[in-house]
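Engineer: Prediction below, plus the sequence it came from.
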Amino acid sequence: MNEFCLLLVILLYLSCSSDAKDIKCISFDTRQCMGDPWTDSVDRNADAISQANQLHSYFSSMSISIEAVKADPNYHDIVCEACFICPENPRYLVKANIDEIIKLEALELLNFTSINCSQF
């Protein structure tokens with residue numbers, strides 16, 4: 001019986017740890033001049049939590065399942081002023097399954113970068 005319990009604990013641990021390996025985190029910037037496809041879905045005057053929730057809803061409407069989204073409204077102190085190629089605040093951080101991250105990468109988001117998930 002003890003061996004069975006030990007085996008069960010090991011299997012549960014392995015199944016949980018393999019799920020964690022499938023979770024990745026990325027960040028990306030907002031394009032100036034309302035150059036992102038979610039521009040009409042995210043209120044730029046809303047607080048960071050509302051913006052993150054609105055972006056989460058936008059991705060859900062595109063059948064992209066996101067575990068978590070954060071908005072950093074003060075990430076950029078100084079930016080250039082060229083439309084569509086320069087960032088502006090906020091910077092978004094997204095946590096999702098690797099398959100969903102691949103879908104996000106296909107959207108060619110500005111400054112798409114892998115990050116450490118400890119930021120969540």
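Structural biologist: On my side now, so go ahead.
Engineer: Mind naming the longest strand for this structure?
Structural biologist: strand 87-97 (DSSP state E).
Engineer: and that strand, how far from the chain's centre?
Structural biologist: Distance, stretch centre to chain centre, for strand 87-97: 5 Å (C-alpha atoms, centre = their mean, to the nearest Å).
Engineer: Can you give me the neighbour number for the nearest residue to Ser57 once chain neighbours are set aside?
Structural biologist: Excluding the flanking residues, the one nearest Ser57 by C-beta to C-beta, 6 or more residues apart in numbering is Ser41, at 7.0 Å. All C-beta atoms are positioned from the backbone trio N, CA, C, and that covers glycine. Residues near Ser41, counting by other C-beta atoms under 10 Å, number 13.
Engineer: quick one on the thing from earlier: dump the longest strand of the chain to PDB, keeping only the CA atoms.
Structural biologist: C-alpha atoms of strand 87-97 as PDB (Å, rounded to 0.1, in the frame of the first residue of the first chain):
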ATOM      1  CA  PRO A  87       6.200  51.800 -28.400                       C
ATOM      2  CA  GLU A  88       4.100  53.700 -25.900                       C
ATOM      3  CA  ASN A  89       2.700  52.700 -22.500                       C
ATOM      4  CA  PRO A  90       1.500  50.300 -21.400                       C
ATOM      5  CA  ARG A  91       3.700  47.300 -21.900                       C
ATOM      6  CA  TYR A  92       1.700  44.000 -21.500                       C
ATOM      7  CA  LEU A  93       2.900  40.800 -19.800                       C
ATOM      8  CA  VAL A  94       1.100  37.600 -20.800                       C
ATOM      9  CA  LYS A  95       1.200  34.200 -19.200                       C
ATOM     10  CA  ALA A  96      -0.200  31.300 -21.300                       C
ATOM     11  CA  ASN A  97       0.300  27.800 -22.500                       C
END
